[in-house]
Every structure is written in structure tokens, then in C-alpha cells.
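> Please work out how this folds:
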Amino acid sequence: MSGEQRTPAGGDRARGPRQGSGGERRDAQGRQRGAARAQGRIQRSAQAPSQRARAADPARAVAFDVLRAVDASDSYANLVLPPLLRERGIHGRDAGFATELTYGTLRLRGRYDAVVEQAAGRPVTAIDRPVLDLLRLGAHQLLGMRVPAHAAVSQTVGLARDRAGAGASQFVNAVLRAVAREDLDAWLGLIGDAADPAGDDAVARLAAVHSHPAWVVRAMREALVGDAREADDVAALLVADNEAPRVALVARPGVVEVDDLLAQSGPDARRGVVSPYAVLLGGGDPAAVEAVRTGRAGVQDEGSQLVALALTAAPLDGPDERWLDLCAGPGGKAALLAAVAAGRGARLVANEVQPHRARLVQQSLRAVPAAAVEEVRTGDGRVVGELEPASYDRVMVDAPCTGLGALRRRPESRWRRTPADLMGLAAQQRELLVSALHAVRPGGVVAYVTCSPHLAETRLVVTDALRAAAKAGVTAEQVDARAVVRQVAAGPLDLAGDRLDVQLWPHVHGTDAMHLSLLRRR
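Got it, this is the predicted structure:
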């Protein structure tokens, strides 16, 4: 796009961030009238007071409350929204609307903040946080959903009046009416030009338009290149991050058949395309599926299923009787591993450092044959190798990570993580992998897994851990994870380059961006 400031269609001037008295004469609640209204960009509603929405719409109110919990309490939307919908008796289409409004707003927060800054003529840091969340919700209805403009504005103004007061509702009304005067394409051009006025900063433009922090855009681009893909593929990856994924279920083998799970999952469900045990829901609450309620099936991304299955299929030398999930919480991979182990006469030890997550593991394992689960225990995985050297045939290290590979499912993570997080996480990942290499016996296999494609959490961790283990007298080699993954996958996989590790991608495979390295101890 041109580096020149664009003029929106139907307007007499470009909407750039305004300076001076117009941006300084309105407080964060919008209780003062500024020059922006006098210039005609922000206008009062033409509706009479009696015609304006006075009560908060329940679905929009739920979305607002989730956004406030995410912002004020560092909560996760996927943990807050479902119980709130049940508590308030919101079901069916209203629940679907609230879900899309919540997750869509969180995913596209960066885009909408850029739009709000131009429409309001002030930085979003100068707007009270609750009011800003209201504006984000309104912007998503106007630019990201099929909500008529009059309904999006009036309902959000009603919610603002109910939750933030009359003065704030006037400000929300004025800004959203300004947003509504342009369509999405026009706004994308405007915010892209504002982020990249000289036309020479592709990362800044991508970050604004596709609603990712700039450091994440750079990291994703580097990871794509490291996986022998084109740097320009980053745009498609960012688009995929902003799309709501279908809920994937896993039929735990030997506990429930895939066909039975498919039959329980509704007429719009279909088989997965990556994992042989996956069923993709067409909508609805997965808890309504009987096999999920009883633990015979679980909610698990296809990529997560595939990397766990790869560990069970990796070739090893010697016995195949005792497996370890070193970082087992919340238990999805542990349940799949245990189900496979049950069919082979093997046993799984599930280790988790957090007691509450260990309880989640126990819950996930409730339908797996008891003989396949040796123990669910609480402990620091970094010392297991020292306490139990050469004790396991297969070890899963599903390491704590930034979660940059699951931004479709946990959109708030992109706004919480910073580059500074990488140093501490990478050190922990190395320690866990070194511990696993000590805990596995010679001839046994370790799977190192992260839900992040960031090179500092994947390839570099593996290289450093192999070097550190070798210094301690434990040597290991990489196994061809690609060959193993192709063996267990439901169909052909597009794996670029000729490396030994595997990197999955949302825009290529339709999964979370899972990384897998397989290591065999010599």
C-alpha cells in the first residue's frame, strides 16, 4: 500500500490521530465535548432518548464481563465464559453470539484499538479500560460480525449506560458512529498506513492490520523461514490465528470408537484430517457429548493428538513397558498416552508440578483402564531424571511455553506475553528436557513438545539440552520425527524442508502450531 495518508470514502479528510485541544478536552469517560464533535467526525445519536437501548443485552453483557475479567484479573476467556453463560441461562444462538463476540474481540483487539484511536482522535491509553472494552466490543460488531450498524451502536451504548454511566455512553455512541462510517477494508487501509506511513515497515503494518504484537509477527516470520517456508507466509498464518477453530475431540483408543464418538457429536461433526482419533464438532457444547462427559473422549487439538501418538509409535530398542508424562497437566496427552499404553500392556506415570493440575490429570484419566496408570503424582519434573535415572522407556516433555502456537484458542495470550518471557521459559524447558534424557533408559525415546513455533522454545532448546546432557554423560540423537508422524497421521501432511523435527501450522495443517522433536538415548 502507499505510504500516503488515505482519505476514507465519503469523508473530507483523512482520519489520523488528532493532536491539540480536540484530543485534550474530553476525559476518559467522554464527559466533555471536544473539537472532534464540532468538526463533524463524532456526532450525537439522532435517536430520541426514549428510542435508545436502556438495558444491557444479556449476551453482550456476558462478553463485556469476560473482557473485564481477562483485563483486570488475568483470567482466561475459555475458563470464564462457559460457566458465566450457564449461570445466566444463556443458550443456543445467544450463547453463540456471546462466544463469537468475546473471542473475536480478544483476537482482534489490536486492530480495533488502532481503529478506535483514529475514530476517537486519542490514544487508547487515555481511555478508561472499561470504556475501551465497550468500544472494542462495538467495533467488532461493526467490522467483524454481521450486526446491523444501528443495532451494534445502540446495544453497545445501552450496555455502556448500564455499566459505565451516561457520560461514558455518550462517548461510546460518538466513537462507534464514527467507526460505522467506514467499512472494514477502508479501516484496514487507514490503520495500516498509520502504522507504516513510509511504506517500508511491513512488520508494523502486519501487526496493526492482523492484530498481533510486532515482536510476535517477527518471531513467526523467523520460525516459518526456519521451517523452510516463505517469509511472506506470515500473513496467512496471522489470518489463521484470527479465525475461530472448530472444536476437536479425541476418541481415546480402546475406550471409545471413533465412529461411536462421531455418531454422538451431531449431524455437522466430521472426522479429523490430521489425527486418526479426531472428530471435529460442527458447533455446540462439547460437554453435551456423552463420551466427553464420561471421559472416554476429550477436547484436544488434532496437532496435540498427533504429537502424543508420535511418541507411542517412535521406534526404540528394548522393552516398552513404562512410560512417563513429565509435565502432565491438564491431562489430555496423558489420557491419550495411557489409552494407547493399555492396549500394549504398558503403564503410564503422570507427573505434574501443580497440585490442582494433577487433579485435572486424574479426572482426564478416569475412563482409562486402571492397569495402564501406574501413578498420578505431584512433583518437579526437573528433578525426576536425578531421582529416577534410566527408569522409563518413553518420556513425554510437553513443556510450559509461551503458547504462541494456540493463539486461535487463547487469543489473550498474544497481549500478555512479552519477549522477556522467553528467557525464563527457555531455561525451564532446557532443564525439563535434560531431566527427561536422564530419566529415559538407553534405547528409549523422549518427545519434546511445545505449543509454540518460536525458535527459542523449539530448536534452540533441543540443541542446548543435548549439549548439557552430553556434558553430564548422557548422549542422545534425534530420531526422524517426520517419518513417525507420517506413519500415524490420518492423511498426507505438508512438511517442508528436510529436517528431523516437525512443525505444524494453523494455516497449513489446520492445527495449533505444535512442535515435536524425538530424541533417542544412546
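
> At which residues are the strands of the protein located?
For the chain, the strands defined by DSSP state E occupy 248-251, 270-271, 278-280, 297-299, 322-325, 347-352, 373-378, 392-398, 440-450, 476-479, 502-503, 515-521.

> ok, now which ones touch residue 473?
Residue 473 makes no contacts at all, as judged by C-beta atoms under 8 Å, 6 or more residues apart in numbering. For glycine as for every other residue, the C-beta is placed from the backbone atoms N, C-alpha and C.

> rewinding a little: redo the strands of the chain as TSV? Include mean neighbour count, distance to residue 188 and mean pLDDT.
Compiled in TSV, the strands of the chain are given as follows (neighbours: other C-beta atoms under 10 Å; distance: least, C-beta to C-beta, whole Å; pLDDT from 0 to 100):
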stretch	mean neighbour count	distance to residue 188	mean pLDDT
strand 248-251	28	30	98
strand 270-271	16	32	97
strand 278-280	25	30	98
strand 297-299	22	33	98
strand 322-325	26	44	98
strand 347-352	24	43	98
strand 373-378	17	48	98
strand 392-398	26	37	98
strand 440-450	24	32	98
strand 476-479	18	42	97
strand 502-503	28	29	98
strand 515-521	25	31	98
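
> between those strands, which one is nearest to residue 123?
Ranking the strands of the chain by their distance to residue 123 (criterion: C-beta to C-beta) puts strand 440-450 first, at 34.9 Å.

> circling back: can I get the strands of the chain in CSV including distance to residue 164?
Output for these, formatted as CSV (distance: least, C-beta to C-beta, whole Å):
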stretch, distance to residue 164
strand 248-251, 38
strand 270-271, 43
strand 278-280, 39
strand 297-299, 35
strand 322-325, 46
strand 347-352, 41
strand 373-378, 44
strand 392-398, 42
strand 440-450, 40
strand 476-479, 55
strand 502-503, 44
strand 515-521, 43
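
> out of those, which comes closest to residue 170?
Set against residue 170 and scored by C-beta to C-beta, the strands of the chain come closest in strand 297-299, at 42.8 Å.

> I'd like to check what contacts that closest one. Which residues are they?
247-252, 255-256, 261, 279, 286, 289, 291-292, 332, 335-336, 364.

> and the gap between residue 419 and residue 233?
Per C-beta to C-beta, to the nearest Å, residue 419 is found 22 Å from residue 233.

> Looking at these two, which is more packed in?
residue 233 (18 against 14; other C-beta atoms under 10 Å).

> For residue 66, see how far away the more buried one is.
Distance, residue 233 to residue 66, by C-beta to C-beta: 32 Å.

> what residue ranges in this structure score low on pLDDT?
Segments of the chain classed as low confidence (criterion: pLDDT under 70) are 1-55.

> residue closest to the middle of it?
Closest residue to the average C-alpha location of the chain: residue 407 at 2.4 Å, with C-alpha atoms, centre = their mean.

> quick one: contacts for it?
Contacts of residue 407 by C-beta under 8 Å, 6+ apart are 107, 212, 241, 413, 414.

> Now do the same contact list for residue 412.
Counting by C-beta under 8 Å, 6+ apart, the residues that residue 412 touches are 70, 76, 77, 106.

> Cross those against helices and list the overlap.
70, 77, 106 (DSSP state H).

> Just to check, residue 95 is in contact with residue 59?
Yes. Residue 95 lies in contact with residue 59 (C-beta atoms under 8 Å); the separation is 7.5 Å.

> Next, count neighbours for residue 128.
If we define neighbours as other C-beta under 10 Å, then residue 128 has 15 of them.

> Now the lengthiest helix in the chain: buried residues?
Secondary structure of the chain per DSSP H: the longest helix is helix 419-439. Within helix 419-439, the residues that count as buried by 16 or more other C-beta atoms under 10 Å are 422, 425-426, 428-439.
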